[in-house]
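Student: Sequence plus predicted model, see below.
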Amino acid sequence: MGGRARVNQEGHALSGLEQKPSATPAPAEWAYAPAPESRDIVRLEDRYGLFIGGKWVEPSQTYTTISPATEEPLADVAQATPEEVAKAVAAARNAFENGWSSSAPSERSKYLFRIARILQERSREFAVLESLNGGKPIKESRDVDLPLAAAHFFYYAGWADKLEYAFPNRRPRPVGVAGQIIPWNFPLLMLAWKIAPALAAGNTVVLKPAETTPLTALLFCDVLRQAELPPGVVNIVTGDGSTGAALVTAEVDKVAFTGSTEVGKAIQRELAGTGKKLTLELGGKAANIVFDDAALDQSVEGIVNGIYFNQGHVCCAGSRLLVQESIYEPLVGKLKRRLETLRVGDPLDKNTDVGAINSRMQLEKIQELVEAGKQEGAEIYQPPCRLPEKGYWFAPTVFTNVAQSYRIAQEEIFGPVLSVLTFRTPEEAVEKANNTPYGLSAGVWTEKGSRILWMAERLRAGVVWANTFNRFDPTSPFGGYKESGFGREGGLHGLEPYLTFDGAESWGG
Ligand code: NDP
């Protein structure tokens, strides 16, 4: 370059490297280019029937399932009636009595291993469909839901032929037909949590997915066909709450339910005295507790993961942040700055951090509780973000100035809304953390191992995470205390509800 040497703002001559003209001018601000995952891998049917006895059965009624991000109709699916549920249960009974329960345990392992492998092979297809129908970011369905669903099948495949060793001298036997009802927040993963241990233990199942997210369960029927699972071992009936209620009262031997505490209590009342076994995995209002010696940046990541993962539609979400008073200001400052970097939008975009709210009903529930928080006197913070015009959306939200009595500190919001409270001593942290009707999970952030153990002993929560949050593993039992339900899923504990033993019963009815 000839001519006069260029100078910088301070008047110093620029080095050769600095003077080199760039082909593209430096952007004024850094923004992520859209990176949408292609939908082409998913082939949707216009209409789905009921999966009974290994066949698609034409339903008497249907409803339309949509994408919550765009409100676009995706497919018509069955709204199963009590008679159709009874048919599915009869198919499951037939399969239980005529082959499955008496099959060699190693045969059951074989089918479960096959299912696990097929899920891995088809994981991209499932991940796209999960995000399309449920609204969760593709990076979560791809990196969390799908790998964990396959891992559950692998894990329980390994136990199927080792039950005698898992429960020595107790003669474990399958229970019979399991009626399983799952929610919309982790549709395929909850299916895996339910079906894998039930089949490993020698039971057959009828599963009802949530009304708003039936599609991955319906695609799973194709996996069962591919795995050549004997007809009737797994039956899928879609529909709303009335289909779930019909399944509870049908001729099943065991009910496994994940969902709201309200419906869980109704099911427990319904089953009292029937002798049917029951496990309930219900709501939560977890405390995520940060001590003043914790690594602050790491805690901020854990707080964000704890409450904004899956739009906060997580029963074990860290929805109450308890911060030690001395670090309140720096921590909340860092948290607010981190929130500004969260990308809210298209669930199928690989850069999206926070996707769509699962349904209009859930959005209205979140809006109502957030309004209550403002009315009660809490201070709201939402980072600037443009929400799409169509679909169901809610900006990541933090409430400060929250009293323990506020509804936002007591009730499960099940959305991307965090309530911040403070404490001074470990004793106070424990008291506040346990001041909830729930008892599903908790998080502790501190440098001191002894304090982690001290806290874990005192927190009334089924899971306590230390310096991390929302970590799941098929080998690790998961479940709650108090109004969060009873029974455990995952690990050896997760097999027990699907078995009967000589002598004393263990869990549930
Ligand atoms: P529900 O408890 O109503 O739904 C869970 C499952 O139960 C769904 O498959 C549902 O069907 C079914 N169901 C509904 N009513 C009955 C009934 N009477 N008998 C048997 N099954 C029934 O939860 P919602 O989806 O309505 O969500 C409401 C609130 O529950 C959320 O805002 C959240 O706070 C909490 N929740 C907690 C979950 C958790 O994992 N802890 C999961 C989901 C929700 P359908 O989908 O048709 O309603």
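Tutor: In hand now; what should we look at? Please read these numbers as outputs of a predicted model, since none were measured by experiment.
Student: Around the ligand, pick out the residues from the stretch 351-500 of the chain.
Tutor: 362, 365, 412, 414 (CB under 6 Å from any ligand atom). The C-beta positions use only the backbone N, C-alpha and C, and glycine is treated the same way.
Student: What are the neighbouring residues in contact with the closest residue to the ligand within the stretch 1-150 of the chain?
Tutor: With CB to the nearest ligand atom as the measure, residue 79 is the residue of the stretch 1-150 of the chain nearest to the ligand, at 9.2 Å. Neighbouring residues of residue 79 by CB atoms under 8 Å, 6 or more residues apart in numbering: 59, 61, 62, 63, 238, 239, 240, 243.
Student: now the second one, nearest residue through space, not along the chain?
Tutor: It stands for residue 61. residue 79 (4.3 Å; CB to CB, 6 or more residues apart in numbering).
Student: got it, and the fifth one?
Tutor: Nearest residue to residue 238 in three dimensions, chain neighbours excluded: residue 214, at 4.2 Å (CB to CB, 6+ apart).
Student: What residues does that neighbour make contact with?
Tutor: 48, 65, 77, 133, 187, 238.
Student: I'd like the distance between the residue nearest to residue 61 and residue 358.
Tutor: 19 Å (CB to CB, to the nearest Å).
Student: and if you look at residue 478?
Tutor: From residue 478 to residue 358 the distance is 21 Å (CB to CB).
Student: Also residue 487?
Tutor: From residue 487 to residue 358 the distance is 25 Å (CB to CB).
Student: Which one's more surrounded, the two?
Tutor: A count of neighbours by other CB atoms under 10 Å puts residue 358 above the other of residue 487 and residue 358, at 26 against 22.
Student: Name the helix or strand for the more buried one, please.
Tutor: Of the helices and strands defined by DSSP states H and E, none includes residue 358.
Student: isn't it right up against residue 130?
Tutor: No: with contact defined as CB atoms under 8 Å, residue 358 does not count as touching residue 130 (11.5 Å).
Student: what do the two both touch?
Tutor: In contact with both residue 358 and residue 130: residue 213, using CB under 8 Å, 6+ apart.
Student: residues contacting the most centrally placed residue in the chain?
Tutor: Centrality entry for the chain: nearest residue to the mean C-alpha point is residue 186, 3.8 Å, by CA atoms, centre = their mean. By CB under 8 Å, 6+ apart, residue 186 lies in contact with 145, 310.
Student: And the pLDDT at it?
Tutor: At residue 186, the model reports a pLDDT of 98.
Student: before we move on, what about residue 8?
Tutor: At residue 8, pLDDT is 54.
Student: mind showing which ranges of this protein have poor pLDDT?
Tutor: Where the chain drops to pLDDT under 70, the residues are 1-24, 26-29, 503-509.
Student: can you rerun that using 50?
Tutor: For the chain, the stretches flagged by pLDDT under 50 are 1-3, 506-509.
Student: and it, what are its domains?
Tutor: 50-282+482-500, 284-466 (automatic domain parsing).
Student: and the longest one, how far apart are its ends?
Tutor: Meaning domain 50-282+482-500. With CA to CA, to the nearest Å as the measure, domain 50-282+482-500 spans 30 Å from end to end.
Student: now do the shortest one
Tutor: In domain 284-466, first residue to last residue: 18 Å (CA to CA).
Student: Dihedrals phi and psi, the residue nearest to residue 463 when sequence neighbours are not counted?
Tutor: Distance criterion CB to CB, 6+ apart; nearest residue to residue 463, sequence neighbours excluded, is residue 441 at 4.3 Å. Residue 441 adopts backbone torsions of phi -150, psi 170, taken as degrees, to the nearest 10.
Student: Residue 441 contacts residue 281, doesn't it?
Tutor: No: counting by CB under 8 Å, residue 441 stays clear of residue 281, with 11.4 Å between them.
Student: Could I get the full set of strands for the stretch 351-500 of the chain?
Tutor: Under the criterion DSSP state E, counting those that start in this stretch, the stretch 351-500 of the chain contains strands at 379-381, 397-400, 417-423, 441-445, 463-466, 485-486, 499-500.
Student: most packed of the ones you listed?
Tutor: Comparing the strands of the stretch 351-500 of the chain by mean neighbour count (mean count of other CB atoms under 10 Å), strand 441-445 ranks first with a mean of 29.
Student: Now do the helices in the stretch 151-300 of the chain.
Tutor: 163-166, 187-200, 215-226, 241-249, 261-271, 296-308 (DSSP state H, counting those that start in this stretch).
Student: Excluding its own residues, what touches the last one? List them.
Tutor: To tie it back to what came earlier, the one meant is helix 296-308. By CB under 8 Å, 6+ apart, helix 296-308 touches 286, 288, 290, 317-319, 321, 327, 330-331, 334-335, 338-339, 342, 353-354, 396, 416-418, 443, 445, 467-470.
Student: Going by neighbour count, which residues in it are buried?
Tutor: Neighbour counts over helix 296-308 (16 or more other CB atoms under 10 Å) mark 296, 299, 300, 302, 303, 304, 305, 306, 307, 308 as buried.
Student: Tell me the strands beside whatever helix or strand comes next after it, with direction?
Tutor: Sequence order places strand 320-324 as the next helix or strand after helix 296-308, per DSSP H and E. Applying DSSP bridges, strand 320-324 is found paired with strand 287-290 (parallel), strand 417-423 (parallel).
Student: returning to what we had before: so can I have CSV of the contacts of residue 79 showing distance to the ligand and neighbour count?
Tutor: Shown next, in CSV, are the contacts of residue 79 (distance: CB to the nearest ligand atom, whole Å; neighbours: other CB atoms under 10 Å):
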residue, distance to the ligand, neighbour count
59, 15, 21
61, 13, 10
62, 14, 17
63, 10, 15
238, 9, 27
239, 7, 28
240, 3, 14
243, 7, 23
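Student: now, among these, which is nearest to residue 431?
Tutor: Set against residue 431, the nearest of the contacts of residue 79 by CB to CB is residue 240 (40.2 Å).
Student: related to what we said a few turns ago, turn the residues of the stretch 351-500 of the chain next to the ligand into CSV, including distance to residue 373.
Tutor: Output for these, formatted as CSV (distance: CB to CB, whole Å):
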residue, distance to residue 373
362, 17
365, 13
412, 14
414, 14
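Student: Can you flag the buried ones in the contacts of residue 214?
Tutor: 48, 65, 77, 133, 187, 238.
Student: among these, which two are most distant?
Tutor: Farthest pair in the buried ones among the contacts of residue 214, by CB to CB: 48 and 187, 14.1 Å.
Student: Next up, the contacts around the residue of the stretch 101-250 of the chain at minimum distance from the ligand.
Tutor: Closest residue of the stretch 101-250 of the chain to the ligand, CB to the nearest ligand atom: residue 244 (2.3 Å). Listed by CB under 8 Å, 6+ apart, the contact set of residue 244 reads 181, 208, 257, 263.
Student: The third one and the ligand, how far apart?
Tutor: The reference is to residue 257. 7 Å (CB to the nearest ligand atom, to the nearest Å).
Student: For that residue, give the beta-bridge partners.
Tutor: With DSSP bridges as the rule, residue 257 is bridged to residue 181, residue 280.
Student: what's the neighbour count on it?
Tutor: 28.
Student: so residue 347 sits right up against residue 133, yeah?
Tutor: No: look at residue 347 against residue 133 with CB under 8 Å: they stay out of range, at 9.7 Å.
Student: For residue 78, which non-adjacent residue is spatially closest?
Tutor: Residue 78 sits nearest to residue 59 (CB to CB, 6+ apart), 3.4 Å away.
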